[in-house]
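**Student:** No sequence on hand, only this structure:
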């Protein structure tokens with residue numbers, strides 16, 4: 001069999017780099033794309049036989065399209081695995097200067113641009129490409145695994161936009177991810193608690209670590225491998241500070257009537273998503 005191929009956004013550091021290293025250990029050919037191009041190049045230089053680096057702005061559709069087309073060409077028309085991992089943390093949403101008494105300032109939605117729109121752009125590219133591919137020996141055209149967050153389940157009052165983005169990612173995974181297996185594609189999410197990455201400061205991570213509240217990167221990668229090797233789709237794995245990996249179920253229907261409505265809505269919306277034969 002030809003070696004598997006993978007595309008990782010945010011692969012120069014943090015969770016993206018850890019995923020890249022996991023794929024390298026599996027002898028998977030990896031294209032990593034990152035805003036930090038020098039960091040991506042550094043990773044590629046250490047594994048030149050398997051890794052290629054690209055510069056990417058995930059919030060920009062044209063940037064995503066340009067890079068992904070190069071990746072598809074590099075891999076001779078087949079991308080087996082896609083990992084939308086690039087992301088940023090909360091930014092100041094509204095001015096919090098009490099002296100600002102006149103006029104209005106446009107809200108800063110940069111976090112949504114990266115963590116939600118960027119994710120959707122990558123998924124959109126992946127699904128379109130995977131639809132063109134034949135199924136592999138396991139019966140899949142491709143697998144997509146995204147990093148969400150426990151903020152996709154819980155609500156942090158002071159992280160409203162990041163929380164909104166991750167709730168949306170979880171919603172897309174739990175909805176679209178349940179349809180995609182009809183086309184031989186999976187879409188799942190790994191939802192870690194706080195992991196030491198570049199998204200925050202060393203002092204913040206050290207504070208959590210001193211209290212035993214930092215989630216081990218090894219457990220996050222365990223969750224990725226579980227989804228990579230499995231057949232499930234539309235699922236979210238929470239990874240906690242104790243290293244436990246738990247499948248988080250979505251909310252149950254209020255009653256039988258609500259369940260019936262959801263079934264009707266599924267069939268109502270199916271023509272919008274289904275690939276034409």
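**Tutor:** Cool, the structure landed. Please read all numbers here as calculations on a predicted model, not as lab measurements.
**Student:** quick one: strands adjacent to the longest strand seen in the chain?
**Tutor:** Secondary structure of the chain per DSSP state E: the longest strand is strand 185-192. Sheet pairing for strand 185-192, assigned by DSSP bridges, gives strand 142-147 (parallel), strand 236-239 (parallel).
**Student:** Pick the most buried one from those.
**Tutor:** strand 142-147 (a mean of 27; mean count of other Cβ atoms under 10 Å). To be clear about C-beta, it is placed using only N, CA and C from the backbone, and glycine gets the same treatment.
**Student:** From residue 87, how far off is residue 126?
**Tutor:** Distance of residue 126 to residue 87, given as Cβ to Cβ, to the nearest Å: 16 Å.
**Student:** Those two - which one has more neighbours?
**Tutor:** Ranked by neighbour count (other Cβ atoms under 10 Å), residue 126 and residue 87 place residue 87 first, with 27 against 23.
**Student:** Okay, the nearest residue to the more buried one once chain neighbours are set aside and residue 90: tell me how far apart.
**Tutor:** Of all residues not flanking residue 87 in the chain, residue 115 sits nearest, at 4.8 Å (Cβ to Cβ, 6 or more residues apart in numbering). According to Cβ to Cβ, residue 115 stands 10 Å off from residue 90.
**Student:** Identify each buried residue in the lowest-mean-pLDDT helix or strand in the chain, please.
**Tutor:** One helix or strand of the chain scores below all others by mean pLDDT, DSSP states H and E: helix 202-210, with a mean of 92. Buried residues in helix 202-210, counting neighbours by 16 or more other Cβ atoms under 10 Å, are found at 205, 208.
**Student:** so where do the helices sit in the stretch 1-150 of the chain?
**Tutor:** Under the criterion DSSP state H, counting those that start in this stretch, helices of the stretch 1-150 of the chain are mapped to 14-25, 37-46, 61-74, 110-112, 118-131.
**Student:** Packing partners of the second one?
**Tutor:** This points to helix 37-46. When contacts are defined as 3 or more Cβ pairs under 8 Å, 6 or more residues apart in numbering; DSSP states H and E, helix 37-46 packs onto strand 29-34, strand 51-55.
**Student:** I'd like to know which of those is closest to residue 233.
**Tutor:** Minimum separation from residue 233 across the helices and strands packed on helix 37-46 (Cβ to Cβ) falls at strand 29-34, 22.1 Å.
**Student:** longest helix in the chain, by residue count?
**Tutor:** helix 160-179 (DSSP state H).
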